[in-house]
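J.: Pasted the sequence and its predicted model underneath.
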Amino acid sequence: MSEPALRIAVAGARGRMGRALIDEIVTAPDLRLAAAGVRPGDPEAGMPVEGVPGLSYTDAPEALFERADVVVDFTLPAASRRHLELAAAQRTAIVIGTTGWQADDEARIAESARHAPVLVAANFSLGVNLLIHLAARAARALGEEFAVEILDLHHGMKRDAPSGTALALGRALAAARGEDFETLARFARTGETGPRESREIGFGVLRGGDVAGEHTVFFLGTGERLELAHRAHDRRIFARGALSAARWLARNRPPGRYAMADVLGLRDG
Ligand code: NAD
């Protein structure tokens, strides 16, 4: 007998990522859209979800956690904080793609992960997760002779900068070199900057058009440079990756904090 479909609730269902997720869920035979959440007071609340008979958008976040095996959330940090609390209270697995977190959100994520399986990732694409892995290896191999700089290019509607992926890359590079990211990150250069500090990790941010997301890590040496780049052409890759993560979490994972590296088997052994 085939397994019952996995019940997925989408938070931020009318957003760019929410719509991409719903498109993927309704065509996946092993998944069922159990709830579609919108921002409280959103005029879409109560309206039918196109292509999903019998389902209406809800602006009650509790409903997502009552009806689903896994909640998938691409919204805003304020909403995702609330969703983390509800995941813990209901012991419902949650996959979060929201970016723009504050430093103290790490503690909130860890607290929620004591009660429910939680996977937060700044990027769900296989390519970017491999990029993070390869960039860390390159940083270790190239050593301190090579300056490390990160460039992120995204569509003009993006609300946070640098991107969560650029920050995740920076953290992975600092960790690979055994250094403290917060001390070394250099988010802006303007005016009389003086020469580059040898250990710093610089960020460049470009915004415009409909670019789904591009990241390049530069390793700048003397007489040579290495560039590792990833280009996302379509945000469906993030939706598919998030749903792979949801399937993985639903396999009886105990409460805990998980990462895409776990789902993709990219942990350094
Ligand atoms: P978007 O603005 O198109 O969508 C966000 C949606 O969340 C909006 O429809 C908004 O109404 C809704 N929302 C806001 N508050 C809410 C609440 N309290 N409850 C329910 N819904 C609420 O943005 P987007 O491009 O879909 O991106 C959303 C987030 O996902 C951003 O933080 C973005 O950086 C991130 N993102 C992550 C990845 C990844 O792979 N991790 C990929 C793309 C985007």
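T.: Perfect, I can see it now. Quick caveat, the model's predicted, so the values are computed rather than measured. Residues are numbered from 1 along each chain as shown.
J.: which residues of the stretch 151-269 of the chain fall in helices?
T.: Here the stretch 151-269 of the chain has its helices, by DSSP state H, counting those that start in this stretch, at 164-176, 181-184, 236-250, 260-264.
J.: Kindly export the second one (C-alpha atoms) in PDB.
T.: Presented in PDB, the C-alpha positions along helix 181-184 are these (Å, rounded to 0.1, in the frame of the first residue of the first chain):
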ATOM      1  CA  PHE A 181      33.100  35.900  11.400                       C
ATOM      2  CA  GLU A 182      31.600  38.800  13.300                       C
ATOM      3  CA  THR A 183      35.100  40.400  13.800                       C
ATOM      4  CA  LEU A 184      36.200  39.900  10.200                       C
END
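J.: Now do it: everything it contacts.
T.: 170, 171, 174, 175, 197, 199, 200, 201 (C-beta atoms under 8 Å, 6 or more residues apart in numbering). Where you see a C-beta, it was placed from the backbone N, CA and C, and this is true even at glycine.
J.: Try it again at 6 Å.
T.: 170, 171, 174, 199, 200, 201 (C-beta atoms under 6 Å, 6 or more residues apart in numbering).
J.: related to what we said a few turns ago, out of the helices of the stretch 151-269 of the chain, flag the one nearest the ligand.
T.: helix 236-250 (3.7 Å; C-beta to the nearest ligand atom).
J.: Pull out the buried residues from the closest one.
T.: By 16 or more other C-beta atoms under 10 Å, the buried positions in helix 236-250 come out as 237-250.
J.: for stretch 81-94, same thing?
T.: Here stretch 81-94 shows 81, 82, 83, 84, 86, 87, 88, 90, 92, 93, 94 as buried, counting by 16+ other C-beta under 10 Å.
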